[in-house]
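Colleague: Kindly generate the corresponding structure for this input.
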Amino acid sequence: MFLVQITPVAWVANVIGPNSGALGILIAAAAGGFLPGGPMVSFPIVVFFQQAGAGVPQLVALLAGWSVYALNRTLSFEAPIMGWRFVALRGMSCLVLPILAGFSAEILVNLTGIF
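Modeller: As a prediction, the model looks like this:
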């Protein structure tokens, strides 16, 4: 995968690593919206981030952002079919969901110690 060759591992661990906290969750949630395509493209990218040192809450926020924000699907399907007013309403109403998922995952990881 080309991403592995161009992304410095130390950068991933610094920006969305387990010690990046709230800022890492916010960055991961936003970045998730820009992940291209379906699961056959996005999940290998997420696995790369995991192997590069990303934190579990940040990965949860990344996947939730990919699922909820989905910029490529919004521009390709949602806006032309449903219109920009609907896109704006859905975007505003769902804006915090990936962020909440990341924070919820952080609480669960801290409480259970599973990861």
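Colleague: contacts and neighbour counts: CA atoms only from here.
Modeller: Noted.
Colleague: contacting residues around the nearest residue to Gly37 once chain neighbours are set aside?
Modeller: Closest residue to Gly37 apart from its sequence neighbours, by CA to CA, 6 or more residues apart in numbering: Asn72 at 7.2 Å. By CA atoms under 8 Å, 6 or more residues apart in numbering, the contact set of Asn72 is 34, 36-37.
Colleague: what sits against Val60?
Modeller: 98, 101-102, 105.
Colleague: 6 Å - rerun?
Modeller: Shown in contact with Val60 (CA atoms under 6 Å, 6 or more residues apart in numbering): Gly102.
Colleague: From Ser76, how far off is it?
Modeller: 25 Å (CA to CA, to the nearest Å).
Colleague: One more: Ile27?
Modeller: 24 Å.
Colleague: With neighbour numbers in mind, choose between the two.
Modeller: Ile27 (18 against 11; other CA atoms under 10 Å).
Colleague: just the helices in the chain please.
Modeller: 2-6, 9-16, 21-32, 39-51, 56-68, 71-73, 79-82, 84-94, 97-112 (DSSP state H).
Colleague: Buried deepest among those helices, which one?
Modeller: Compared across the helices of the chain, helix 56-68 shows the largest average neighbour count, a mean of 26 (mean count of other CA atoms under 10 Å).
Colleague: Average pLDDT for it, rounded please.
Modeller: Computed over helix 56-68, the mean pLDDT rounds to 97.
Colleague: what angle separates that helix from helix 39-51?
Modeller: 160 degrees (axes from the mean of the first three to the mean of the last three CA atoms, to 10 degrees).
Colleague: Could you tell me how far helix 56-68 lies from the centre of the chain?
Modeller: Centroid separation between helix 56-68 and its chain, computed with CA atoms, centre = their mean, to the nearest Å, is 3 Å.
Colleague: Just the CA atoms of it, as PDB, please.
Modeller: Output of helix 56-68 as PDB, limited to C-alpha atoms (Å, rounded to 0.1, in the frame of the first residue of the first chain):
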ATOM      1  CA  VAL A  56      -7.800   2.800  20.100                       C
ATOM      2  CA  PRO A  57     -10.200   5.700  20.900                       C
ATOM      3  CA  GLN A  58      -8.600   7.600  17.900                       C
ATOM      4  CA  LEU A  59      -9.200   4.600  15.600                       C
ATOM      5  CA  VAL A  60     -12.900   4.400  16.800                       C
ATOM      6  CA  ALA A  61     -13.300   8.100  16.000                       C
ATOM      7  CA  LEU A  62     -11.600   7.600  12.600                       C
ATOM      8  CA  LEU A  63     -13.900   4.800  11.600                       C
ATOM      9  CA  ALA A  64     -17.000   6.600  13.000                       C
ATOM     10  CA  GLY A  65     -15.900   9.700  11.000                       C
ATOM     11  CA  TRP A  66     -15.500   7.500   7.900                       C
ATOM     12  CA  SER A  67     -19.000   6.100   8.400                       C
ATOM     13  CA  VAL A  68     -20.800   9.300   9.400                       C
END
